[in-house]
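S.K.: Got a predicted model here, sequence first, then my questions.
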Amino acid sequence: MVRPGFDYTVDLPLKLSILIPVYNERAVVRRSLEQVVSAPLPEGMERELVIVDDCSRDGTWDILREIAGQNPCVRLFRHEVNQGKGAAVRTAIGHAEGDFCLIQDADLEYDPQEYPVLLKPLLEGRADAVFGSRYLAGESRRVLPFWHTVINQTLTLISNVFSNIHVTDMETCYKVFRTDLLKSIPIRSSRFGFEPEITMKCAKRRLRIYEVPISYHGRTYEEGKKIGWKDGLQALGVILKFWLIDDLYADTRGREAIINLTRTPAYIDWLCSILRPELGDEVFELSAGLGTFSARLMGKRLRYVATDHDPLHLHALQNRFLRTPNVEVSPCRPDAVGDFRPWAGQFDSALAVNVLEGLPHAEAALEGMRTVLRPGGRLFLVAPQGPRLYGSVDRAMGQLRRFRRQELARMLESAGFEVLWIRDINKAGVLGWWLASHVFGRRRLSKLTLKLFDKTVWLWRLADRLLPWRGLTMLVSARRKEVPGGPDQVN
């Protein structure tokens, strides 16, 4: 698989997985696949054709079996019930083994000779996804009915409005992805809704999308074109659905809390307003996630190192800070002390936001952060408070515990820190969290709930000064102290 930070200019054997959904195309499928098999690829690149027959009933399946028997690069699969293009692409993604995935229809509308143009931004490391646009200046384009083009461009405009990206051809078949990223995105649409769904999710995941011009030799309905006006209406529904729903990861374990943070900018600004004046010039952030805090705190710092152990988070961080010279992105496992040693004694501040509660051995993370700090350096933690509040929402978010402040203070003392202060955050949220976790058994916080909370953060900030109980969250500041023979003696 392609790794974050991978240098695509290095001469390594790469493989392209060409994902081909097929349904009732016996008249053109043989010629189409011949073009795909013989299409030019960058030097040294291998190909595999992952073909999914979506229960064709016109003899296409027999032709595909014959072709697969003659070509070792063809891997053939079949749906026993017709499900739609999106379902066929979803099946193909699951079987893809290449470094990149390219979606190719089995008709003759798109030209495989343009594969090198589509792959270039990916091979240069500039892109995570490339869309081939029929409306940029391609070599040639068949003139088709006016209203078909208008509907396509209208759907693209609506998609751009809700995704806040500017593409010229959302409905294009030619989409190429890094395979590791494509496999991490859940595909729910079974018909032509795949196109707006993947576009919305790429936008929300902040993938680097490039467009390149392609030729287009569209078919008429008499020649076998299948998409219709009902699919256009469905596309509108898909755009609205995935604008409202953040269904962004096939595996959400350990990511639910990170995703929730992106929905609460006012709450993040509240925490950052406390942290910003306390941080020094050189900051180490553990498990930075999608860079939600990093982006707000790195300004005017001489050096900001954002680390994570999740490859998808590392990729997001690299994209976000690609042209930010004072920010470094690096892998680091939060409970592996050895991973911290390359930075021993280099920072005056270390930060971990909602990290300790997800670790079986949080003490290792504290020891690691002590390692990167200079003598007298400051550690800042954001952690959930109140063991009695622990319930279904915490478990769904991958949290193993909620802390008592005395417990966390003892852990810090044992790790060689002097606690300077502990501040309660969001006292008003305690009752709601308890009800959600213990009465209603919720497994997640709804987008509406988070939005309402975030829009009223100003009120909860005032309430924190008045309410007498502990907060839902605590913000902790501690200083590294020198203990001869203590945790800082790491070789």
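M.R.: Here it is on my side, so go on.
S.K.: make it CA atoms for all contacts and neighbour counts henceforth
M.R.: Noted.
S.K.: outside of stretch 153-169, which residues touch it?
M.R.: Applying Cα atoms under 8 Å, 6 or more residues apart in numbering, the contact partners of stretch 153-169 are 131-136, 152, 170-171, 196, 199-200, 203-204, 211, 232, 235-236, 239-240, 243.
S.K.: among those residues, which are in helices?
M.R.: Asn152, Pro196, Thr199, Met200, Ala203, Lys204, Gly232, Ala235, Leu236, Ile239, Leu240, Trp243 (DSSP state H).
S.K.: and stretch 45-64, which residues are buried?
M.R.: By neighbour count on 16 or more other Cα atoms under 10 Å, the buried set for stretch 45-64 is 47-56, 60-61, 64.
S.K.: Quick one: those residues as TSV, columns for distance to Ala106 too.
M.R.: Formatted as TSV, the buried residues of stretch 45-64 follow (distance: Cα to Cα, whole Å):
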residue	distance to Ala106
Arg47	16
Glu48	15
Leu49	11
Val50	12
Ile51	9
Val52	10
Asp53	10
Asp54	12
Cys55	14
Ser56	12
Thr60	11
Trp61	12
Leu64	11
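S.K.: and the residues you listed as a markdown table, adding distance to Ser477 and pLDDT?
M.R.: Output for the buried residues of stretch 45-64, formatted as a markdown table (distance: Cα to Cα, whole Å; pLDDT from 0 to 100):
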| residue | distance to Ser477 | pLDDT |
| --- | --- | --- |
| Arg47 | 54 | 97 |
| Glu48 | 54 | 97 |
| Leu49 | 55 | 97 |
| Val50 | 54 | 97 |
| Ile51 | 56 | 97 |
| Val52 | 56 | 97 |
| Asp53 | 59 | 97 |
| Asp54 | 58 | 96 |
| Cys55 | 61 | 96 |
| Ser56 | 64 | 95 |
| Thr60 | 67 | 95 |
| Trp61 | 65 | 96 |
| Leu64 | 65 | 97 |
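S.K.: low pLDDT regions in the chain?
M.R.: 1-12, 137-142, 144, 218-229, 252-262, 483-491 (pLDDT under 70).
S.K.: okay, which residue is most central for it?
M.R.: Arg205 (4.4 Å; Cα atoms, centre = their mean).
S.K.: wait, what's in contact with it?
M.R.: Leu248, Ala316.
S.K.: quick revisit: in helices, which of the buried residues of stretch 45-64 appear?
M.R.: Per DSSP H, those map to helices at Thr60, Trp61, Leu64.
S.K.: and the second one, what does it touch?
M.R.: Put plainly, it is Trp61. Asp53, Cys55.
S.K.: Just the buried ones out of the ones in helices among the contacts of stretch 153-169, please.
M.R.: Of the ones in helices among the contacts of stretch 153-169, these count as buried by 16+ other Cα under 10 Å: Asn152, Pro196, Thr199, Met200, Ala203, Lys204, Gly232, Ala235, Ile239, Leu240, Trp243.
S.K.: any chance of these in JSON lines, with distance to Ile274 too?
M.R.: Converted to JSON lines, these look like this (distance: Cα to Cα, whole Å):
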{"residue": "Asn152", "distance to Ile274": "48"}
{"residue": "Pro196", "distance to Ile274": "40"}
{"residue": "Thr199", "distance to Ile274": "37"}
{"residue": "Met200", "distance to Ile274": "34"}
{"residue": "Ala203", "distance to Ile274": "31"}
{"residue": "Lys204", "distance to Ile274": "28"}
{"residue": "Gly232", "distance to Ile274": "48"}
{"residue": "Ala235", "distance to Ile274": "44"}
{"residue": "Ile239", "distance to Ile274": "38"}
{"residue": "Leu240", "distance to Ile274": "36"}
{"residue": "Trp243", "distance to Ile274": "32"}
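S.K.: Thank you kindly, that will do.
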